[in-house]
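>>> make a model of this:
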Amino acid sequence: MSKGMSGPMCDQIEVFAVCPADAIERCGAKAFSLSQVDDSGESRPFPIVVVRTFGDDYLGYVNRCPHDSLWLNIGSGEFFSSDRSFLRCARHGARFEIDTGLCIDGPCTGQALEPVALAVIEGDVCLCGIKLLEDDRFSEPFEDGDETMDITIHPD
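A predicted model of the protein is given here:
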């Protein structure tokens with residue numbers, strides 16, 4: 001995750017690149033487990049889902065069902081209803097409008113997913129206005145200088 005360049009939709013606020021825009025296929029969604037820095041400087045889990053529409057818009061929501069606070073894709077790993085016209089909570093089947101996050105069917109009808117502000121800047125989907133913990137330690141696990149060990153197991 002890296003700090004992005006400021007764009008017209010995100011001027012004067014924190015901007016973090018989440019992924020390349022083409023990493024999410026049209027009519028697809030992808031989950032990201034980020035770490036948000038709160039006002040006291042503490043790091044908190046911040047799971048989000050980024051949805052790419054057929055019209056090539058990118059929408060973001062906190063990946064948490066308002067009914068029970070579990071990830072939408074827990075269990076099946078899927079974000080969509082069987083006909084792909086709604087976001088869906090895999091645990092209880094609640095259905096949400098893709099464009100608004102409003103629950104239209106299920107145990108949290110009338111509630112909505114929490115939106116997150118996104119912008120596509122220089123080919124990257126960027127999260128705007130949320131201070132994230134930048135941690136690039138795992139992007140290249142075997143960089144030069146890392147010690148690695150080969151282990152061979154011989155059967156008896």
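
>>> show me how the record splits this protein into domains.
As assigned by automatic domain parsing, the chain contains the domains 1-64+114-134, 74-111.

>>> mean pLDDT for the ones you listed: which is lowest?
Lowest mean pLDDT within the domains of the chain: domain 1-64+114-134, a mean of 86.

>>> would CSV of the domains of the chain with mean neighbour count be doable?
Placement of C-beta: from N, CA and C, glycine included. Shown next, in CSV, are the domains of the chain (neighbours: other CB atoms under 10 Å):
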stretch, mean neighbour count
domain 1-64+114-134, 16
domain 74-111, 16
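
>>> which residues does residue 16 bridge with?
Beta-bridge pairing for residue 16 (DSSP bridges): residue 3, residue 127.

>>> ok, it to residue 24 distance?
Noted for residue 16: a distance of 16 Å to residue 24, by CB to CB, to the nearest Å.

>>> do residue 65 as well
Taking CB to CB, one finds residue 65 at 21 Å from residue 24.

>>> pretty sure residue 97 contacts residue 104?
Yes - when contacts are counted by CB atoms under 8 Å, residue 97 is listed as touching residue 104 (6.1 Å).
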